[in-house]
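> coordinates only, sequence not included:
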């Protein structure tokens, strides 16, 4: 069965420090991987995705993520956190070989950037 | 209006009421989705429409009834709901090739916060 795990409910980081939000996945075929961010009272916003090619993917707002096939991970990173990055972050996976429209989402990780 | 819009933003209803949630996308996408978001749980996919045809239905109770009259509009009709149905209901759209899972991201609306008394 396909699944996504975000092992941390919350991540706290000081402003200016690097941040990492972890995601691991399990799919039967080759995955398409996504990161989304949700601010209070808003829907999810797309940050970045991995489809194929370079394992390091760059996205919006200075975020990047590294696809690691051997560890089945897709961790979200940013070199220098801003207070405005505080939000709820979701990792999602789609098994593109199955023909399904299903995106599987993690439970979300709340990022808190402290001034 | 741009992106994906949802109305109403907030809804309070009794268990015997009938109401509808509306979603509209202005992106020219061909697939639309309903999700349920509850605290501490993963997003639950409820329904998927591609080119106005329902292509996924994730064992959702019959008290939720979707309708997709055209590729820009999606409704979720609600009747005789239970208190545990209280949640944030999110609509999303994407550009997908029917029958073939693509790598295109979803665009989400702001959601409808539903409270069932």
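It's in. Just so it is clear, the structure is predicted and the values come from calculations on it, not from any experiment.

> Could you pull up the residues touching whichever residue of chain A sits closest to chain B?
Using CB to the nearest CB, the single residue of chain A nearest to chain B is residue A:43, 3.3 Å away. Where you see a C-beta, it was placed from the backbone N, CA and C, and this is true even at glycine. Residues near residue A:43 by CB atoms under 8 Å, 6 or more residues apart in numbering or on different chains: B:4, B:6, B:90, B:92, B:108-111.

> And those, which two are furthest apart?
B:92 and B:110 (11.3 Å; CB to CB).

> Settle it for me: which of the two has more neighbours?
Between residue B:92 and residue B:110, residue B:92 has the larger neighbour count (other CB atoms under 10 Å in any protein chain shown), namely 26 against 19.

> residues contacting that one?
Taking CB under 8 Å, 6+ apart, we find residue B:92 in contact with A:43-44, B:4, B:32-33, B:35, B:106-109.

> Confirm that it sits in a helix.
No: counting by DSSP: H, G, I helix; E, B strand; the rest coil, residue B:92 falls outside a helix, being strand.

> Let me know the pLDDT of it.
Looking at residue B:92, its pLDDT stands at 95.

> same deal with the one 5 residues further on?
According to the model's per-residue confidence, residue B:97 sits at a pLDDT of 69.

> can I assume residue A:68 is in contact with residue A:57?
No: with contact defined as CB atoms under 8 Å, residue A:68 does not reach residue A:57; the gap is 11.8 Å.

> which of the two has more neighbours?
Taking other CB under 10 Å, residue A:68 and residue A:57 do not tie; residue A:57 has more neighbours (20 against 12).

> Need the nearest residue in space to residue 12, chain neighbours excluded.
Reading this off chain A. The spatially closest residue to residue A:12, leaving aside those adjacent along the chain, is residue A:112, at 4.9 Å (CB to CB, 6 or more residues apart in numbering or on different chains).

> sorry, should have said chain B
Spatial nearest neighbour of residue B:12, chain neighbours left out: residue B:115 (4.7 Å); criterion: CB to CB, 6+ apart.

> for the helix or strand harbouring the one you found, packing partners?
Assigned by DSSP states H and E, residue B:115 belongs to strand B:112-116. Judged by 3 or more CB pairs under 8 Å, 6 or more residues apart in numbering or on different chains; DSSP states H and E, strand B:112-116 is in contact with strand B:10-13, strand B:87-94.

> Thanks a lot, see you next time.
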